[in-house]
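Enquirer: Structure for the following, please:
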Amino acid sequence: MRGRMNPRVSQEDYVLAVLSTSDRAPWTPVQVQKIFFLLEPAVAAQLGGAYFNFQPYNYGPFDSRVYEAIEQCQTTGFALIDQSPIASKKKYQLTETGQRRGQEVLATLPAATTARVVELSRWLRSLSFRELVTAVYKDFPHMRARSIFRDTGPSGLPQRGVSSFNHLADRLKSWSVRLINAELGRKQAGLAWVITIETSDQGVMTVNAPLDAGKDPHSAATLDEVAERIFQYLAQQQQQRT
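Expert: Numbers count the residues shown, from 1 in each chain. Model prediction:
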């Protein structure tokens, strides 16, 4: 009968039940981290208690044990992991056996719990990387503590910051690079643009672009130089992988 089950759902069954809501569509690293974070503690508590312990990290709440749990599912034949050398490009997907097991477990959960898991999964997987991280920070601002993603793009930036963001975004777009975040910070050697980008083959990464002393960080010439440095860095990364 629905809802009648052992007091504690095993971690493996819990992970399979949650991941099965994508109908075997792959999950990205940020998606698996954020869905299990958002399910804690309310939903997890209904199943016997919290399974993970999330702490602030580069892009908000993070627990390496989420990845370890999925790796264990791979060991038992329930999951597949795309072993990309770039962490942000990894994909997590259930096997047919894992999907069946996950759906079986999901069907035994209380109706309200299942509805919450399915609803959250659908909403979360509809968002872009930036939208998802921003949404989590909005509701859980304490998870910004160690973030390298400190603002959400043009909104909320001073006017010159908006223009700089848009200029960089346009330049990077010409190389099929998506600008996620641009923050002007102070390093030991002086000012630097801290740029978070996403590419189709290298995933999400953050690049520091130090500025020469005396240069206007918002001038078109300086921003073009920053974009060129990013292109050179990506080209070097590509060469190292081939």
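
Enquirer: is it true that residue 205 touches residue 197?
Expert: Yes: using Cβ atoms under 8 Å, residue 205 makes contact with residue 197 at a distance of 6.3 Å. All C-beta atoms are positioned from the backbone trio N, CA, C, and that covers glycine.

Enquirer: Might you report the residue contacts of residue 56?
Expert: 62, 142, 143, 144, 145, 146, 147 (Cβ atoms under 8 Å, 6 or more residues apart in numbering).

Enquirer: Mind checking which of these land in strands?
Expert: residue 62 (DSSP state E).

Enquirer: among the contacts of residue 56, which two are most distant?
Expert: The widest separation within the contacts of residue 56, taken as Cβ to Cβ, falls between 62 and 142 and amounts to 13.3 Å.

Enquirer: So residue 205 and residue 197 - more neighbours on which side?
Expert: The neighbour comparison of residue 205 against residue 197 (other Cβ atoms under 10 Å) goes to residue 197, with 23 against 19.

Enquirer: Now do the domain split for the protein, please.
Expert: Using automatic domain parsing, the domain ranges for the chain come out as 11-144, 159-241.

Enquirer: In CSV, list those along with mean pLDDT.
Expert: Shown next, in CSV, are the domains of the chain (pLDDT from 0 to 100):
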stretch, mean pLDDT
domain 11-144, 91
domain 159-241, 82
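
Enquirer: Among these, show me which one is buried the most.
Expert: Greatest average neighbour count among those goes to domain 11-144 (a mean of 18), per mean count of other Cβ atoms under 10 Å.

Enquirer: Do me a favour and get the end-to-end distance for it?
Expert: Its start and end residues considered, domain 11-144 measures 27 Å (Cα to Cα, to the nearest Å).

Enquirer: Stretch 136-146 now?
Expert: From start residue to end residue, stretch 136-146 stretches across 14 Å - Cα to Cα.
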